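J.: sequence plus predicted model, see below.
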Amino acid sequence: MQDETTRNYAELAGELDELLGLSVSPIGITFSDDEPEGIARFEGAMPPPTEDGRTGRVPAGCVFWVRATERTFATVPEDHGNCSVGSLTHGLKPLADVATNSDVAALVQSGWVSPEVFPHIPVVKDRANFIVYGPLAEARTAPDVVFIRLNGKQQMMLHAAWPALRFEGKPQCHIIPIAKEEGEIAVSVGCMLSRVRTGISNNEVTCAIPWTLLPDLIENLRMSRSADLNVAIYAAEDSKRFL
């Protein structure tokens, strides 16, 4: 039997899912100093490190967003270590430690990003010993960030409910610190680095929501969805004149 707290998380996840018509259910992301009790660590072999020492349990931390739709798990900083950009945005390594890494050099040499951008990328302020990922519906404590994937119509609906929505570009993962540290709901159009590594659909973008804003967002979505339904009925009836 679920306790009241767990049931509330499941209900909020279900409402968000239903109101937006999500094809992938919301996940929660939690940064923690202490290892969470009763949550298994993510398992996976680490490939041999590159010459600059990069390796991890997945190609990049954004891959955990996909794995977290299946189950809840805890990660440690080393699990994220293959992607210098993700390690930076998640506060796991300072810029000085990753600036000369080969993956950063590849991004700069390709023209994908310029070195001047890196000091201005949003980052999680404090280094966490553990980052927990998992379905929001299974959460036992409040996450820092709720993460969802959206298609074009769902972006429209989200923006109607939250006009202050922040739209961002690359790197995709910096919407996590925007939500956690700046308290803003942020959508990323995605980045090629993450799309290749995660396999997220070309028709989807990602969104990070501060946990503290989720109840207000859900209430706004209820109201805006009602308005959208009324407009849809009107538009459908009016279009019949042209059949």
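T.: Thanks, I have it. These figures come from a predicted structure and were not determined experimentally.
J.: for the rest of this, base every contact and every neighbour count on C-alpha atoms.
T.: Will do.
J.: the biggest helix by length in the chain packs against which elements?
T.: Of all segments of type helix in the chain, defined using DSSP state H, the longest is helix 214-239. Applying 3 or more CA pairs under 8 Å, 6 or more residues apart in numbering; DSSP states H and E, one finds that helix 214-239 contacts helix 4-20, helix 152-161.
J.: ok, then the element right after the first one?
T.: On the C-terminal side of helix 4-20, the closest following helix or strand by DSSP states H and E is strand 27-32.
J.: quick one, that following strand and helix 4-20 angle?
T.: With axes from the mean of the first three to the mean of the last three CA atoms, to 10 degrees applied, the angle from strand 27-32 to helix 4-20 works out at 140 degrees.
J.: so which bits of the helix or strand following strand 27-32 are buried?
T.: Next helix or strand after strand 27-32 toward the C-terminus (DSSP H and E): helix 63-67. The neighbour-count check on helix 63-67 (16 or more other CA atoms under 10 Å) flags 63-67 as buried.
J.: cool, stretch 225-237 as well?
T.: Neighbour-count burial for stretch 225-237 flags residue 225 (criterion: 16+ other CA under 10 Å).
J.: centre of the chain versus that stretch, how much separation?
T.: On the basis of CA atoms, centre = their mean, to the nearest Å, stretch 225-237 sits 30 Å off its chain's mean C-alpha point.
J.: just to revisit the earlier point, distance to residue 30 and pLDDT added to the buried residues of helix 63-67, as TSV?
T.: Formatted as TSV, the buried residues of helix 63-67 follow (distance: CA to CA, whole Å; pLDDT from 0 to 100):
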residue	distance to residue 30	pLDDT
63	16	98
64	12	98
65	12	98
66	15	97
67	15	97
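J.: of the residues you listed, just say which sits nearest to residue 186.
T.: residue 65 (15.6 Å; CA to CA).
J.: residue 133 is in contact with the closest one, correct?
T.: Yes - the pair residue 65 and residue 133 qualifies as a contact (CA atoms under 8 Å) at a distance of 7.3 Å.
J.: give the residues shared as contacts by those two.
T.: Listed as contacting both residue 65 and residue 133 by CA atoms under 8 Å, 6 or more residues apart in numbering are residue 27.
J.: picking up where we left off before, pLDDT of the longest helix of the chain, averaged?
T.: In this model, helix 214-239 has a mean pLDDT of 94.
J.: and the buried residues of helix 63-67, which two are furthest apart?
T.: So, the buried residues of helix 63-67 by CA to CA: farthest apart are 63 and 67, at 6.5 Å.
J.: any weak-confidence spans in the protein?
T.: 1-7 (pLDDT under 70).
J.: how about the residue nearest the centre of it, nearest residue that isn't a chain neighbour?
T.: In the chain, the centroid-proximal residue (CA atoms, centre = their mean) is residue 147; its distance is 4.0 Å. Nearest residue to residue 147 in three dimensions, chain neighbours excluded: residue 208, at 4.7 Å (CA to CA, 6 or more residues apart in numbering).
J.: quick one: end-to-end distance for stretch 174-193.
T.: 13 Å (CA to CA, to the nearest Å).
J.: go through that stretch and flag the buried ones.
T.: Buried, per 16+ other CA under 10 Å, within stretch 174-193: 174-181, 183-190, 193.
J.: got it, and stretch 39-53?
T.: Neighbour counts over stretch 39-53 (16+ other CA under 10 Å) mark 41-42, 46 as buried.
J.: check the offset of it from the chain's centre.
T.: Stretch 39-53 sits 21 Å away from the centroid of its parent chain (CA atoms, centre = their mean).
J.: same check, this time on stretch 29-45
T.: Per CA atoms, centre = their mean, the centroid offset for stretch 29-45 relative to its chain is 17 Å.
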